[in-house]
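Asks: Output the structure for:
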Amino acid sequence: MSSAQADTVDRLPLRTKFFFGIGSVGDSIILATVGSYAMLYYNQILGLNAVLAGLAVSASLVFDGFADPVIGSLSDRTRGRFGRRHGYLFLAPLPIALSVIAVFNPPPGASDLVLFLWFALSVSFMRVSISLFNTPHLALGGELSSDYIERSKVLSWNNFFTWAGGAGMNFLALHFVFKATPEYPRGLLNPEPYGPFAVGCGLAAMALLLASAWFTRDQIQRLPKAPDNLPRFSPLEFLKDVGKALGNRNYLWLLIAFFFLSMMIGVRSGLNLYVNTFFWGLASEQLKWFVIGSFVGYATGFLFSARMHRRLDKRLNMIIWAIVFSIGPAIPMILGLTGVLTAETPGLTPMLIAFSAVGNAGASVLSITVMSALADIADENELAHGVRQEGVLYSTRNLAAKIDQALGAALAGFALFAISFPPKATPGQVPDEVLFNLVFVDGILATIPGLIAAVCYARYNITRARYDATKAALAARRAAA
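Replies: Numbering: from 1, shown residues only. Predicted coordinates:
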C-alpha cells in the first residue's frame, strides 16, 4: 500500500495499539533489569571497582548507540513480505533473552579484568539485540497513523507499557526475589537470586516481544513501503540518510535537548538505588511500593497527553514537562541535604513516593510528546526529500541518548569513586560526609542538564498549523503522482 493509502487510516483499532504497546513491556523488562540491578550487582556483590563497572555500562551504550542508526537505515530500506519493520521484530527476541541471562551469570571466581570484560561485552550484546527490536518498533509506532493526535495516543500506549514492564518487573523482583533474610536484611545484597532472576526476565521478555510482532503483523500491508527507486543500504546511503535527518533544524534541537536530558537520566539511574538504600535507609520491602508513584506518573501521561496536545502545541508541552521531570525528583533530596527530611522522618516513604509520582508524570508526558513530534518531523523530511525516515529519525535520537547515558553512567561511577563510596558497603555504616556528597550529586548537579534540555526544547517550532500545511502539501503531491 502507498503512503497515500496509509494516510486514509488515521484511527487505529484498540487491539493494534495494545499489541504495539506490549512490545515495550518486553523491551523495558530487559532494560530495567540491567539498568536497575547490574551496577549494584557487579560493584556491591561481586566487588568490581565502581569506575570499571561504570565504564562497562558506558562502553556498551556507546557501542550500541552507533548500531542504532545503522539498524534504522536498514529498516527504512527493507523490502519483503514482512515490510520494513516486522522482520526485525521476529528476529530479535531470542538473542535478547540469551544476553540478559549472560549479564547476571559471569564466570565463577573471575578476576576484576574478566568481570569487567564479561560485563561490558554481555551488556553490549544485550543492547544491540534490544536495538534490533526497539528501533523498528518505535519507527512502526511513528507510522501507524498520520494524524497529529492519534500519533500521541499510539505512543501513549507505548510509553505506558514501557513503564508497566519496568515497574512491574521491579515490584515483583523486590517483593518475591530480593526478599530480606536473616543473613541479608537488605535483600538486594543477596547474591543467590540474581542468576535465576535473569533467566525469568529473559524468557518473559522473549514471549512478550514475539506476541507484539505476531499480533501487529496484520498492519504490514497498509504501512508505507520503501520506494522501488530507493537504493539499497550502503555506507554512502547510510551517511546520506543521517545527513537528511540532521539537516532538519527541529530534529537537531530535539537531539541536543535529549543529549542533556539523558545526561541527567544516566547519573540518576546509576545513583538511585545508592541514595534509597544508603541515605534514606529503605529496604526492598519499602522500595517496592515506589511502583505506586511511577504508576500515577505514567497513568497521567497515558490518560492526558493527547488532551494536552489538543490544548497546547507540543513545543510548550516539552518545555513544561522537562522542567517538572528535572526538578520533581530533586526536591526530597534538597530537603534531605538541608535536614528537613531524614531517614527517621515519619511518613518518609509516602512522601518520597509522592515526589516520585511528580517526576514520573514529567517523564511520561515529555516522552510521549517527543516521540509524537518525531513522527511530525518525518512528515517534514518526506516533503523535503521524498522518503520517510522514521527508522533513522528514531534511531539517531537513540544514538544521542545512549552516548549521553554512557557519559551519565560513567559520571555516576566516577562520582562514587570521587566521594570515596565504599564497595560492599553496609547500610548505616557509610560516613555522613560521603552520603551528603552522594545526594548533592544526585539531587543538585544532575538537575542542571535537565533544565538545559528545557531551554533546547523551546527551539522546536512545528506548530499545529505548520503540521497541517505539511500534511496538505504531502497529500497534494501524492494525488498528483
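
Asks: what's residue 329 sitting at in phi/psi?
Replies: Main-chain dihedrals, residue 329, degrees, to the nearest 10: phi -70, psi -20.

Asks: Contacts only, for it.
Replies: Neighbour list for residue 329: 268, 355, 356, 358, 359 [criterion: CB atoms under 8 Å, 6 or more residues apart in numbering]. The C-beta positions use only the backbone N, C-alpha and C, and glycine is treated the same way.

Asks: following the helix or strand hosting the last one, which helix or strand comes up?
Replies: Which is residue 359. Using DSSP states H and E, residue 359 maps to helix 348-385. Next along the chain after helix 348-385, taking DSSP H and E as the criterion, comes helix 390-418.

Asks: angle of that following helix against helix 348-385?
Replies: Orientation check (axes from the mean of the first three to the mean of the last three CA atoms, to 10 degrees): helix 390-418 against helix 348-385 gives 140 degrees.

Asks: I'd like to know which elements helix 390-418 is packed against.
Replies: With contacts taken as 3 or more CB pairs under 8 Å, 6 or more residues apart in numbering; DSSP states H and E, helix 390-418 sits against helix 14-40, helix 50-77, helix 112-143, helix 235-246, helix 249-274, helix 348-385, helix 432-440.

Asks: What lies in contact with the last one?
Replies: Read that as helix 432-440. Here helix 432-440 makes contact (CB under 8 Å, 6+ apart) with 271, 274-275, 278-279, 333, 336-337, 415-416, 418-422.

Asks: Looking at those, which one is closest to residue 40?
Replies: Nearest to residue 40 out of those is residue 274 (CB to CB; 7.9 Å).

Asks: leaving aside the residues next to it on the chain, what's closest to that closest one?
Replies: Spatial nearest neighbour of residue 274, excluding adjacent residues (CB to CB, 6 or more residues apart in numbering): residue 438 at 6.1 Å.

Asks: Also residue 296?
Replies: residue 357 (4.0 Å).

Asks: ok, the one you found - how many residues close by?
Replies: For residue 357, the neighbour count with other CB atoms under 10 Å is 21.

Asks: same check, this time on the one 3 residues further on
Replies: The tally of other residues near residue 360 (other CB under 10 Å) stands at 26.

Asks: shouldn't residue 460 be in contact with residue 252?
Replies: No - look at residue 460 against residue 252 with CB atoms under 8 Å: they stay out of range, at 9.8 Å.

Asks: More neighbours: which of these two?
Replies: Shown here are residue 460 and residue 252; by other CB under 10 Å, residue 460 has more neighbours (25 against 15).

Asks: Could you find the closest non-adjacent residue to the more buried one?
Replies: Nearest to residue 460 is residue 315, by CB to CB, 6+ apart, at 4.7 Å.

Asks: Packing partners of whichever strand or helix holds that neighbour?
Replies: Following DSSP H and E, the helix or strand that holds residue 315 is helix 314-327. Contact analysis of helix 314-327 by 3+ CB pairs under 8 Å, 6+ apart lists helix 249-274, helix 290-311, helix 348-385, helix 447-457 as its packing neighbours.

Asks: Just put those in CSV and tack on mean pLDDT and distance to residue 329.
Replies: Below are the helices and strands packed on helix 314-327 laid out as CSV (pLDDT from 0 to 100; distance: least, CB to CB, whole Å):
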stretch, mean pLDDT, distance to residue 329
helix 249-274, 88, 7
helix 290-311, 90, 10
helix 348-385, 92, 4
helix 447-457, 96, 8
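
Asks: Name the stretch from these that approaches residue 203 most closely.
Replies: Nearest to residue 203, of all the helices and strands packed on helix 314-327, is helix 290-311, at 21.7 Å by CB to CB.

Asks: Alpha carbons of that closest one, as CSV, please.
Replies: This file holds the C-alpha atoms of helix 290-311, laid out as CSV (Å, rounded to 0.1, in the frame of the first residue of the first chain):
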residue,chain,number,x,y,z
PHE,A,290,7.6,3.1,44.6
VAL,A,291,5.6,1.4,41.9
ILE,A,292,2.7,3.4,43.1
GLY,A,293,4.4,6.7,42.3
SER,A,294,5.5,5.6,38.9
PHE,A,295,2.1,4.2,38.1
VAL,A,296,0.5,7.6,39.0
GLY,A,297,3.0,9.4,36.9
TYR,A,298,2.8,7.2,33.8
ALA,A,299,-1.0,6.9,34.0
THR,A,300,-1.0,10.7,33.9
GLY,A,301,0.9,10.6,30.6
PHE,A,302,-1.3,7.8,29.2
LEU,A,303,-4.6,9.5,30.0
PHE,A,304,-3.9,13.1,29.4
SER,A,305,-1.0,13.5,26.9
ALA,A,306,-3.3,13.6,23.8
ARG,A,307,-5.7,16.0,25.5
MET,A,308,-2.7,18.3,26.4
HIS,A,309,-1.6,18.2,22.8
ARG,A,310,-5.1,19.4,21.7
ARG,A,311,-4.8,22.4,24.0
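
Asks: Cool, thanks, talk later.
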